[in-house]
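Colleague: For reference, the sequence and a predicted model appear below.
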Amino acid sequence: MNKQQSINLAEYKYISSLLAQLLEVDIYTEEIITGYIENFGVDKFFNNIEIMDLPSEVIDKLENLQLILEALEKEKEINNLWGNGGVR
């Protein structure tokens, strides 16, 4: 079972609410984001930013958030390599 299948509607709404607070968007935009998360799944949400019908300022914030998350993931991978005996 993948991550998307194991997340229920209440969790999607919770994730959307957190994302809406972070992005400082209104309730209407939050509902749109909830729909995208439900359709794309949490794990593929950021892969579809360019096709989302959202205000440009929200798209910009999502793209910046994606960059931050990618940087954190790369840092985690690097730390895991060093924690497992270093880079080979």
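Modeller: Thanks, I have it. Residues are numbered from 1 along each chain as shown.

Colleague: show me where this protein has helices.
Modeller: 3-6, 9-23, 27-40, 56-83 (DSSP state H).

Colleague: Least reliable of those helices by average pLDDT, please.
Modeller: In terms of average pLDDT, helix 3-6 trails the rest of the helices of the chain, at a mean of 52.

Colleague: thinking again about what came up before, reformat the helices of the chain as CSV; add distance to F46 and mean neighbour count.
Modeller: The way it works is simple: take the backbone N, C-alpha and C, and place the C-beta from them, glycine included. CSV is the format used below for the helices of the chain (distance: least, Cβ to Cβ, whole Å; neighbours: other Cβ atoms under 10 Å):
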stretch, distance to F46, mean neighbour count
helix 3-6, 13, 10
helix 9-23, 11, 14
helix 27-40, 9, 16
helix 56-83, 4, 12
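
Colleague: Next, format the ones you listed as TSV and append distance to N47.
Modeller: Compiled in TSV, those are given as follows (distance: least, Cβ to Cβ, whole Å):
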stretch	distance to N47
helix 3-6	12
helix 9-23	15
helix 27-40	7
helix 56-83	9
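
Colleague: CA atoms only for stretch 54-67 - export them in PDB, please.
Modeller: Output of stretch 54-67 as PDB, limited to C-alpha atoms (Å, rounded to 0.1, in the frame of the first residue of the first chain):
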ATOM      1  CA  LEU A  54      -4.200  28.900  -8.300                       C
ATOM      2  CA  PRO A  55      -3.200  32.600  -8.000                       C
ATOM      3  CA  SER A  56       0.300  33.200  -9.200                       C
ATOM      4  CA  GLU A  57       1.500  34.300  -5.800                       C
ATOM      5  CA  VAL A  58       0.300  30.900  -4.400                       C
ATOM      6  CA  ILE A  59       2.100  29.100  -7.200                       C
ATOM      7  CA  ASP A  60       5.300  31.000  -6.400                       C
ATOM      8  CA  LYS A  61       5.000  30.100  -2.700                       C
ATOM      9  CA  LEU A  62       4.400  26.500  -3.500                       C
ATOM     10  CA  GLU A  63       7.400  26.400  -5.900                       C
ATOM     11  CA  ASN A  64       9.600  27.900  -3.100                       C
ATOM     12  CA  LEU A  65       8.300  25.500  -0.600                       C
ATOM     13  CA  GLN A  66       9.100  22.600  -3.000                       C
ATOM     14  CA  LEU A  67      12.600  23.900  -3.300                       C
END
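
Colleague: Many thanks, we can stop here.
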